[in-house]
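# Give me coordinates for this.
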Amino acid sequence: MHSLSALLISALLCQVTGEETIIGLYGETLEIPCNNGVIKAEEVLITQWKYDKADGLSGDLLVWQKNQNVSISATDDYKGRVSMAANFSLLLSAAKLSDQCTFTCLVAIGNIKEYPVNVVIYKSPAGLQISDKAESLAIGKRTKLGTCVAHDANPAANITWWKNRQPLMSDGNAIYIQTSVLVDPDTGLSSTSAMLEYSAKKEDTDAEFSCSTQPTVGAQLVSSLLTFTITYSTENVVLQVMAPEPLVEGDNVTLKCLADGNPAPTSFKFHLKGELVKVENGDSYTITNVSRDFSGEYNCSLIHNSTLGSSENVTVSYLDINLSPSGIIVRLAGETLDLSLQIDSSVVAKVSWTKDGVKLDKEPKFAKVVYSDSGSYECEVTMGLLTRRDSFELVVEGAPIIRQLSKQSGEDGRHKVLTCEAEGSPKPVVSWSINGTSLDESPFVNGKITHRITVVPATNLTVSCTVFNDFGFDTRAINVSSLFEEVRMDKQDQSDGSDQTKLVVGVVVGLLVASLVIGLAYWVYVKKSKHGSWKTGEIENGSSEEEKRLGESSQKAEV
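This next block holds a predicted model:
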């Protein structure tokens, strides 16, 4: 105690260092440094801590003497809350706002030094919430949106209001923010309230409002996001037509009236080409099974304000076609076919034709039908997404006609190939006047058929090709020389021609022989014709008229 008394007496001669300020957190243990390590611990004889009271006096907290334990001298609120660290710092637990004062450390070495420390206690707000939230906001009318409150802070919290993450500032007109601070008399902590009045706009329908604190210590506090129903009167009305595309006869159409008011109107008037329909507690009107007469202008409006309305033109697309004649059409070759396609459409339509699935460049015309005109025809009429089709099948019939009868030698020179090309419908039957090996028969396409046979003539012949069907027949003949005669002629052509007299005689003899052969062949032909020498599908030709016709055909045939 003597040392302590000496310390107190000599305090009048002590040296005072500059005052330091430290910040403590409310409710936590605060360490108040002594001399900040300037003085070595082994040199310290006595350390004492005291504090400044509110009445201007000082109060003792604790004393430490070298080689002795710390002696707690606090008798007031600090009793049980103070202790000293090894470095002589004062440890103050459960910091309070009342701890905001000056604490002084007195250190005795050879002399006494004082180290005053000013203590400030900070506390973050206990929470942040928005109260008095508005149910809705009216456009153009400043309304109390809500009050943001930050509870129990020190110093008092600063609050900022936000809209869509942008800060709001009072402008005295559309935005007004009033801030107030309330101090708890028991704890000394402050609660800050910031009331926001806001005049909404239509675009604030989905706006997000929030508030936050600007912390002195600790983390920033942010409230939950708020959205508000924005109420406003109807300014625009839109008529929406809901129908298939394209809209055709028989479809259903729904007229929907859309208004931008909030709350939205629930009753409308629909003007349907002279008819007025009122819809209560709804915004739609459906018309079923529309016809082409439905096309026109339609309007909807508010039920109590016809000036707020909207109109739309509705067009019912229609496409009708009439193809005449249609179905299966039968004509004789050479007859005329008058084709008519009538189109009734809401706009100009596009027409295309196909024959047997192949597209035609233009509409078919039949001044005089021929066998190649036979086939399945289809017309396709399109108008936007609308399509109509109709078709007919043309069958051209008539007696067959031989278009060509020809011959050629085989590649090996040992046979001849006869070809008979004919037209007719139904498919004609082909018959030859001699036996031969059938090579092939072409497919019957567009009324045409080609038939080939292979023969090995031992003598000169006149060969006939006959074609017939239910409408008649046609016959043509062609001369076919003997293969042996051709061989002799080839050898004769290769003999020595130096003797002119022998050449002339040979030519004369050859002509005589040829005449005899032709005469014999003709006799054989006439004889066979009279006896009706036909194969499968043959017809007998014994009348003088038929002989005459065969004779005329033979004169036209190739020699």
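# and residue 382, what does it touch?
349, 350, 352 (C-beta atoms under 8 Å, 6 or more residues apart in numbering). Bear in mind the C-beta positions are built from the backbone N, C-alpha and C, glycine included.
# Ranking by neighbours, what's the top pick from the residues you listed?
residue 349 (18 neighbours; other C-beta atoms under 10 Å).
# My guess is it contacts residue 343. True?
Yes - under the contact definition of C-beta atoms under 8 Å, residue 349 touches residue 343, with a separation of 5.6 Å.
# Which residues are in contact with each of the two?
In contact with both residue 349 and residue 343: 319, 381, using C-beta under 8 Å, 6+ apart.
# center of the protein - which residue?
residue 245 (17.6 Å; C-alpha atoms, centre = their mean).
# shouldn't that residue be in contact with residue 317?
No - using C-beta under 8 Å, residue 245 and residue 317 do not qualify as a contacting pair, with a distance of 9.3 Å.
# Give the full set of residues in contact with residue 369.
Residue 369 neighbours (C-beta under 8 Å, 6+ apart): 331, 332, 333, 334, 335, 336, 337, 394, 396.
# out of the residues you listed, which are buried?
Neighbour counting by 16 or more other C-beta atoms under 10 Å classes 331, 333, 337, 394, 396 among the contacts of residue 369 as buried.
# Looking at those, spot the one nearest residue 210.
The closest of the buried ones among the contacts of residue 369 to residue 210 turns out to be residue 394 (C-beta to C-beta; 81.2 Å).
# Near the closest residue to residue 453 other than its chain neighbours, how many other residues are there?
Nearest in space to residue 453, with sequence neighbours left out and distances taken as C-beta to C-beta, 6 or more residues apart in numbering, is residue 436 at 3.7 Å. The tally of other residues near residue 436 (other C-beta under 10 Å) stands at 19.
# Quick check: phi and psi at residue 436.
Torsion angles at residue 436 (phi, psi; degrees, to the nearest 10) stand at phi -170, psi 170.
# Distance of residue 230 relative to residue 107?
Separation of residue 230 from residue 107 (C-beta to C-beta, to the nearest Å): 68 Å.
# More neighbours: which of the two?
Per other C-beta under 10 Å, whichever of residue 230 and residue 107 has more neighbours is residue 107, with 24 against 18.
# Touching, the more buried one and residue 39? I think so.
Yes - using C-beta under 8 Å, residue 107 makes contact with residue 39 at a distance of 5.9 Å.
# so what sits against both of those two?
With C-beta under 8 Å, 6+ apart as the test, residue 107 and residue 39 both reach residue 113.
# Test my guess that residue 133 contacts residue 148.
No - using C-beta under 8 Å, residue 133 makes no contact with residue 148, being 10.4 Å away.
# what about the two, which has more around it?
residue 148 (27 against 12).
# Show me what that one bridges to in the sheet.
As for beta bridges, residue 148 partners with residue 130, residue 194 under DSSP bridges.
# Please enumerate the strands of the stretch 101-250 of the chain.
102-108, 112-122, 127-131, 136-138, 143-153, 159-163, 166-167, 175-183, 190-198, 209-213, 229-231, 237-242 (DSSP state E, counting those that start in this stretch).
# Strand partners (parallel or antiparallel) of the first one?
This points to strand 102-108. strand 46-52 (antiparallel), strand 112-122 (antiparallel).
# returning to what we had before: how about the contacts of residue 369 in JSON lines, adding secondary structure and pLDDT?
Formatted as JSON lines, the contacts of residue 369 follow (DSSP: H, G, I helix; E, B strand; the rest coil; pLDDT from 0 to 100):
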{"residue": "331", "secondary structure": "strand", "pLDDT": "92"}
{"residue": "332", "secondary structure": "strand", "pLDDT": "93"}
{"residue": "333", "secondary structure": "coil", "pLDDT": "91"}
{"residue": "334", "secondary structure": "coil", "pLDDT": "91"}
{"residue": "335", "secondary structure": "coil", "pLDDT": "93"}
{"residue": "336", "secondary structure": "coil", "pLDDT": "93"}
{"residue": "337", "secondary structure": "strand", "pLDDT": "93"}
{"residue": "394", "secondary structure": "strand", "pLDDT": "93"}
{"residue": "396", "secondary structure": "strand", "pLDDT": "92"}
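# Select, out of the strands paired with strand 102-108, the one closest to residue 66.
So among those, strand 46-52 is nearest, using C-beta to C-beta, at 7.1 Å.
# And the helix or strand just after that closest one, what does it pack against?
Using DSSP states H and E, the helix or strand that follows strand 46-52 in sequence is strand 58-65. Applying 3 or more C-beta pairs under 8 Å, 6 or more residues apart in numbering; DSSP states H and E, one finds that strand 58-65 contacts helix 2-9, strand 46-52, strand 71-72, strand 82-84.
# okay, the angle between strand 58-65 and strand 46-52?
When axes from the mean of the first three to the mean of the last three C-alpha atoms, to 10 degrees is applied, the directions of strand 58-65 and strand 46-52 differ by 160 degrees.
# Show me what the mean pLDDT comes to for strand 58-65.
Averaged across strand 58-65, pLDDT comes to 92.
# partner strands of that strand, parallel or antiparallel?
strand 46-52 (antiparallel), strand 71-72 (antiparallel).
# Please compute how far the shortest one lies from its chain's middle.
This points to strand 71-72. 83 Å (C-alpha atoms, centre = their mean, to the nearest Å).
# Show me what that strand is in contact with.
61, 62, 63, 64, 65, 79, 82, 83.
# repeat for stretch 277-291
Counting by C-beta under 8 Å, 6+ apart, 247, 249-259, 264-270, 272, 294, 303, 316 sit against stretch 277-291.
# cool, stretch 352-368 as well?
With contact meaning C-beta under 8 Å, 6+ apart, stretch 352-368 is reached by 331, 334-339, 341, 351, 373, 375-380, 382, 394.
# Also stretch 149-157?
Contacts for stretch 149-157 (C-beta under 8 Å, 6+ apart): 26, 97, 121-131, 159, 181, 183-184, 187-194, 213-216, 221.
# all helices for the stretch 151-300 of the chain, in order.
Read by DSSP state H, counting those that start in this stretch, the stretch 151-300 of the chain holds no helices at all.
# same question, the stretch 351-500 of the chain
483-494, 500-530.
# Out of those, which gets the lowest mean score?
Among the helices of the stretch 351-500 of the chain, helix 500-530 scores lowest, at a mean of 38.
# re earlier: Throw the strands of the stretch 101-250 of the chain into TSV and include mean pLDDT, thanks.
Below are the strands of the stretch 101-250 of the chain laid out as TSV (pLDDT from 0 to 100):
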stretch	mean pLDDT
strand 102-108	93
strand 112-122	92
strand 127-131	92
strand 136-138	89
strand 143-153	94
strand 159-163	95
strand 166-167	95
strand 175-183	95
strand 190-198	95
strand 209-213	95
strand 229-231	89
strand 237-242	93
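# Would you mind giving the secondary structure of residue 42?
Using DSSP: H, G, I helix; E, B strand; the rest coil, the structure places residue 42 in helix.
# Number of residues surrounding it?
When neighbours are counted by other C-beta under 10 Å, residue 42 registers 6.
# cool, and residue 106?
Using other C-beta under 10 Å: residue 106 sits among 22 other residues.
# List the buried residues in stretch 372-386.
Buried residues in stretch 372-386 (16+ other C-beta under 10 Å): 373, 374, 375, 377, 378, 379, 380, 381, 383, 386.
# Name the nearest residue to residue 182, ignoring sequence neighbours.
residue 191 (4.9 Å).
# Which residues are in contact with that neighbour?
149, 150, 151, 152, 153, 156, 181, 182, 183, 184.
# For ChimeraX, write the selection for the buried entries among those residues.
With 16+ other C-beta under 10 Å as the burial test, the buried ones among these are selected in ChimeraX as follows:
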select :149,150,151,152,153,156
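# Export the contacts of residue 191 to TSV and append columns for distance to residue 47.
Shown next, in TSV, are the contacts of residue 191 (distance: C-beta to C-beta, whole Å):
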residue	distance to residue 47
149	45
150	41
151	40
152	35
153	35
156	37
181	40
182	42
183	36
184	36
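# Now do the strands in the stretch 351-500 of the chain.
Under DSSP E, counting those that start in this stretch, the stretch 351-500 of the chain gives strands at 358-359, 375-383, 386-409, 416-425, 429-432, 437-441, 448-455, 461-469, 472-480.
# Great, nothing more from me.
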